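Engineer: Compute the structure for the input listed below.
(chains A and B, ligands or ions: 1)
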Amino acid sequence: MTSDEVYPGSEPARWVYLDRIRTRPGPFTNPDVFDGSAVAKAMESMKVLVIGAGGLGCEILKNLALSGFKDIHVIDMDTIDISNLNRQFLFRQADVGKFKAEVAAAFVEKRVKGVKITPHNCKIQNFDEDFYMQFQLVVCGLDSIEARRWINATLVNMVDEDVEDSYKPLIDGGTEGFKGQARVILPTVTSCIECQLDMHAPRAAVPLCTLASIPRQPEHCIEWAHVIAWDKEKPFPTLDKDDPEHITWLYQKALARAREFNIPGVTYSLTQGVVKNIIPAIAATNSVIAAACCNEALKIASNCAPFLGFPDDNYMMYSGNDSIYTYTFKHERKDDCPVCGQQARPLPNVDPAWTLRELLDSLAERPEAQLKKPSVRAEGKTLYMQSPPGLEAQTRPNLDKTLTELGLVDGQEIAVTDPAFATVTFKFRLRFK
Amino acid sequence: MTEIVMSQTPPILHGPSEKERKYDRQLRLWAASGQSALESANILLVNSGSGVVGVETLKNLVLPGIGRFAIYDEACVNEADLGVNFFLDDSCLGKSRSQSLTELLLELNPEVQGTWYPNESVEALESVLASSPVFTVVMYTHPISPKQLSLLEAYGQEHKTPLVAIHSAGFYSYFQINLPGAFPIVDTHPDETATTDLRLLSPWPELVAFSEGLTKDIDNLDDFEHGHLPYVMILLHYLERWKATHDGKYPATYKDKTEFRRMVQSAARTNNPEGGEENFDEAAAAVLRTLVYPSLPSGLKEVFEYQHTDPVEQRSGFWIIADAVKKFYDKHQCLPLPGKVPDMKAQSKVYIQLQSIYKAKARKDAAEILETVRSMPGGQNIDPAEVELFCKNAAFVKLINATGGKISRADRLRAVADQEFSSDQTAELTLSPLSLLPIYLALQPTAHMTGLYSSSPDANAAANAISADEILRGVAELVPGAEQNERVIQAAREVARAGGGELHNIAALTGGMVAQEMIKIITKQYVPIDNTCVFDGVASRCQVLRL
Ligand SMILES: [Zn+2]
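Structural biologist: Predicted coordinates for the structure are as follows:
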């Protein structure tokens, strides 16, 4: 094959720019895996799953449709909110309240002829492995670390060494303000999202005693209203963070407390930001990160150029705050990754004098664990179970015993499960301080 | 101790407005001031080629609510456009591309205004420039004809309008920002952690008095009081003790500081249920970070040393304030105090008092600078808020495009090429990524080939076939010798592969980066690039070069 031969897609005039690249080898194309004549057809029959139809998801759907993919599914349980309209460009004022996945799919199908987009207005956890098995590629544009960990664990678990089709590349994007990242995970081959968990450390929680008695910052007053005053006064049966009336109640409580302590700076906007943990988001950054993800999808699907994940780099960090800076590197797989590794992950700085409750609380906050509802076993013995209620009641007394009293020793391996990641058992090795 | 009176505005009982709700996620980045700058902006896009990257940029500006935009594009929509441009559909075939793009972009945000050219009344680019209100920024995409380019450059010079050149082809792209002069930024949004400036080695009388009041009897404080001393007070107290045994000198060397840190650590009480004190932990952790003498940051140094060539520029608010801050610095050997106190373990009342002491000093410094500003020619009309903002951010003020115009563009490109190619030779040893200049060089020879993008599916059609050899001949004219560089040869082959066409992903990615930069320039917040950003979609990374 000569390098200037273009193998056209189904509508050669329409896809000419794309075909020049995806059907002709370039200087970096690996000739052993590239077959230009087969690319267009192969991509047409590929099924791609997009998770999230928000800021990144809208961009991802557009980009995949204009990259030659024809059969795309999209999952999102959310409905459209007015605050989405500054970046989620497939939605209009009149769409507020409708399902994101449905509106986004219909829009892109209508705009780009010949692409089929199937929406699923539900949670990713509603589907089982059979569902995920039908796709050749998964692209994620999520704002929740929990959902990422769930799909990551699911895809890693699905790998069957004897079935080539069981390896589903996962391409994941995330943004915050002017910053973001794009990464490619080849399950069991490259480092996975769980291996990289410490790159997404949760914000340190404010100690309860600060909230209760010595607030200093406006955020402390807001958290007090959110955590303490709400529970005490129960102004509405359940807190709906999207209900302006509820936010207004918290705002006024926080403001009154701030006045009592002479603390300036409590505003409605800050209240909403703290309570909902709002991450600033703009169209421009979503555009960068979603396109970086879809560029990898095109390269993986066609082999027309080397992609992230093989052989070295698998992660691109992007920052646009101060000039523009990207750092593209290889994040190494971890042998002690609870999802894709074989060994237990060390849990350092554990105090044998802690109660089991303190140990469990620390699991929620530690960047390497981030497990909010953990159940724990050690050497086959159940120490604490979150459910069913009968077992919870039986194991509850253990919560107030110290680790020493429970017979746990330095170097002990514990097995932790969490309802958010039903398929995974996290193994940790206690390291006493 | 002075009584601190806080003024607080009464609570606003109504929630945010419809517009505040729509723009909530971005107002958290650039606030109302940035938003109003965006809404006053008027952008021109001169579009060409396969025509995507500029449109993707506009999408990212229309969504956050840019005031108005205009598109100048001579092309009519063809089949190939529909495979790469999202803001066109089948019904647009054969119509004016600028009109179709404008209409579909306007759907994104009813608050934005847009116009297209050429239209029945205004046809030539020249007339567009002559008849429109002044543009805030002009962007153009390559390939562009030399004639149109010189029109835009003349316009940029005449109106002091920033020009943004964008070129996207296949896996490659770059964009270049040409600012009309030195471009200072005050509101640079540095990382929170970088902004702590406590002046522990040069405390002022009010701070010393407050600290002494709290710590004079430190060993006899009850456990609660002792465990809630703000770490600022702890450090100030033990610094005095240290000086008493070190000839009145502060810990200066790294060794001194680690020794001082041990002194602080060992002063913590451990005979309590927690077995230690959090505030002393915080104090120890802050030693290396906060025990530093004030110094002049490089960004501000550049501002202080800047040689003006334009008398109009020199009389702008920024430069008058900068002059006043320099006078302040020369007199006091430190910058005005920013006045922010990080959160630390402390009782509410004590922390708020400490905060007010820092704020009062910051206000005093700002007042001194304002007085200097007022005494300078042109300083009478400067908004005190501008002075205050400068004082708060003084350490992070940045000057973009500071050294313009001394050497020609062509010479600078050769100098940068020399430097990049020689550092590439040691890149493996220094573990640094290879230069992306080869991509920029390989794109240059096609920058004005307006016939190149022809969308004929026949790859060998003369119009879209530019060979790698032709590209390398063009590179040789720009940087003699570069055409033999292996990576330039590879880049030339990759550019030839694209035949002038865009990949949607690369156009969208580049459009995102350009939009970020436009927002920074229009809002004068965050730090724009200086001045060229090259993106490599094969390796998924970018590099900023000053060309
Ligand atoms: Zn892993």
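
Engineer: Backbone dihedrals for residue A:380, both of them.
Structural biologist: Dihedral pair for residue A:380: phi 80, psi -10, per degrees, to the nearest 10.

Engineer: That one and chain B, how far apart?
Structural biologist: Counting by Cβ to the nearest Cβ, to the nearest Å, the gap from residue A:380 to chain B is 34 Å. Just so you know, the C-beta spots here come from the backbone N, C-alpha and C atoms, and that holds for glycine as well.

Engineer: how about residue B:174, secondary structure?
Structural biologist: Using DSSP: H, G, I helix; E, B strand; the rest coil, the structure places residue B:174 in strand.

Engineer: Now it. Nearest residue, chain neighbours left out?
Structural biologist: residue B:534 (4.3 Å; Cβ to Cβ, 6 or more residues apart in numbering or on different chains).

Engineer: Let me know how buried that neighbour is, in neighbour terms.
Structural biologist: Using other Cβ atoms under 10 Å in any protein chain shown, residue B:534 has 24 neighbouring residues.

Engineer: quick one: it from residue B:437, how far?
Structural biologist: In this structure, residue B:534 and residue B:437 are 7 Å apart, going by Cβ to Cβ, to the nearest Å.

Engineer: Same question for residue B:189.
Structural biologist: The value you get for residue B:189 to residue B:437, if Cβ to Cβ is used, is 29 Å.

Engineer: Would it be right to say that residue B:442 lies in a helix?
Structural biologist: Yes - looking at residue B:442 with three-state DSSP, it is inside a helix.

Engineer: which element is the closest residue to it other than its chain neighbours on?
Structural biologist: Computed as Cβ to Cβ, 6+ apart, the closest residue to residue B:442 that is not its neighbour in sequence is residue B:491, at 3.8 Å. Remark: residue B:491 resides in helix B:486-498, with elements defined by DSSP states H and E.

Engineer: re the thing from before, tell me which of residue B:189 and residue B:437 has more neighbours.
Structural biologist: With neighbours defined as other Cβ under 10 Å, residue B:189 and residue B:437 compare such that residue B:437 has more, 27 against 19.

Engineer: If I look at that one, what pLDDT would I see?
Structural biologist: Predicted confidence (pLDDT) for residue B:437: 98.

Engineer: how close does it get to the ion?
Structural biologist: 37 Å (Cβ to the ion, to the nearest Å).

Engineer: secondary structure element for the closest residue to that residue other than its chain neighbours?
Structural biologist: Leaving out its chain neighbours, the residue that sits closest to residue B:437 by Cβ to Cβ, 6+ apart is residue B:420, at 4.5 Å. Per DSSP H and E: residue B:420 is located in helix B:409-425.

Engineer: Packing partners of that helix?
Structural biologist: Contacts defined by 3 or more Cβ pairs under 8 Å, 6 or more residues apart in numbering or on different chains; DSSP states H and E place helix B:409-425 against helix B:437-443, helix B:468-478.

Engineer: the inter-axis angle of it versus helix B:486-498?
Structural biologist: Per axes from the mean of the first three to the mean of the last three Cα atoms, to 10 degrees, the angle that helix B:409-425 makes with helix B:486-498 is 110 degrees.

Engineer: Can you give the contact residues for helix B:409-425?
Structural biologist: The contact list for helix B:409-425 (Cβ atoms under 8 Å, 6 or more residues apart in numbering or on different chains) reads B:407, B:430, B:432, B:434-435, B:437, B:441, B:478-479, B:482, B:485, B:487, B:545-547.

Engineer: Report the buried residues of that helix.
Structural biologist: Residues of helix B:409-425 classed as buried by neighbour count (16 or more other Cβ atoms under 10 Å in any protein chain shown): B:413-414, B:416-417, B:420-421, B:424.

Engineer: and chain A, which residues reach the ion?
Structural biologist: A:192, A:194-195, A:337, A:339-340 (Cβ under 5 Å from the ion).

Engineer: can you do 6 Å?
Structural biologist: Residues of chain A lying near the ion by Cβ under 6 Å from the ion: A:191-192, A:194-195, A:334, A:337, A:339-341.

Engineer: Can you say which helix or strand has the closest residue to the ion within the stretch 1-150 of chain B in it?
Structural biologist: Proximity of the stretch 1-150 of chain B to the ion (Cβ to the ion) peaks at residue B:25, 31.2 Å away. Using DSSP H and E, residue B:25 falls within helix B:24-39.

Engineer: tell me which strands and helices that helix is in contact with?
Structural biologist: So helix B:24-39, by 3+ Cβ pairs under 8 Å, 6+ apart, packs with helix A:268-276, helix B:504-523.

Engineer: could you redo the last one with a cut-off of 6 Å?
Structural biologist: helix B:504-523 (3 or more Cβ pairs under 6 Å, 6 or more residues apart in numbering or on different chains; DSSP states H and E).

Engineer: Helix B:486-498 and the helix it packs on, what's the angle between them?
Structural biologist: Using the same axes, to 10 degrees: helix B:504-523 against helix B:486-498 is 110 degrees.

Engineer: and residue A:403, what does it touch?
Structural biologist: A:352, A:354 (Cβ atoms under 6 Å, 6 or more residues apart in numbering or on different chains).

Engineer: tell me the pLDDT at it?
Structural biologist: So, for residue A:403, pLDDT stands at 93.

Engineer: and residue A:118, what does it touch?
Structural biologist: So residue A:118 contacts residue A:73 (Cβ under 6 Å, 6+ apart).

Engineer: and what of residue B:265?
Structural biologist: residue B:284.

Engineer: Helix or strand with the lowest mean pLDDT in chain B?
Structural biologist: The least trusted helix or strand in chain B, going by mean pLDDT, DSSP states H and E, turns out to be helix B:311-314, with a mean of 80.

Engineer: So which bits of the helix or strand just after that one are buried?
Structural biologist: Sequence-wise, the next helix or strand downstream of helix B:311-314 (DSSP H and E) is helix B:317-332. Using 16+ other Cβ under 10 Å as the test for burial, helix B:317-332 gives B:317-329.

Engineer: could you say what helices and strands whichever helix or strand comes after helix B:317-332 packs with?
Structural biologist: Note on helix B:317-332: by DSSP H and E, the next helix or strand toward the C-terminus is helix B:348-375. Contacts defined by 3+ Cβ pairs under 6 Å, 6+ apart place helix B:348-375 against helix B:205-215, helix B:317-332, helix B:384-393.

Engineer: what about the last one, near chain A?
Structural biologist: No - counting by Cβ under 6 Å from any Cβ of the partner chain, no contacts exist between helix B:384-393 and chain A, the nearest distance being 13.2 Å.

Engineer: neighbours around residue B:118, how many?
Structural biologist: 17.

Engineer: Name the nearest residue to it, sequence neighbours excluded.
Structural biologist: Here the residue nearest residue B:118, using Cβ to Cβ, 6+ apart, is residue B:74, at 6.6 Å.
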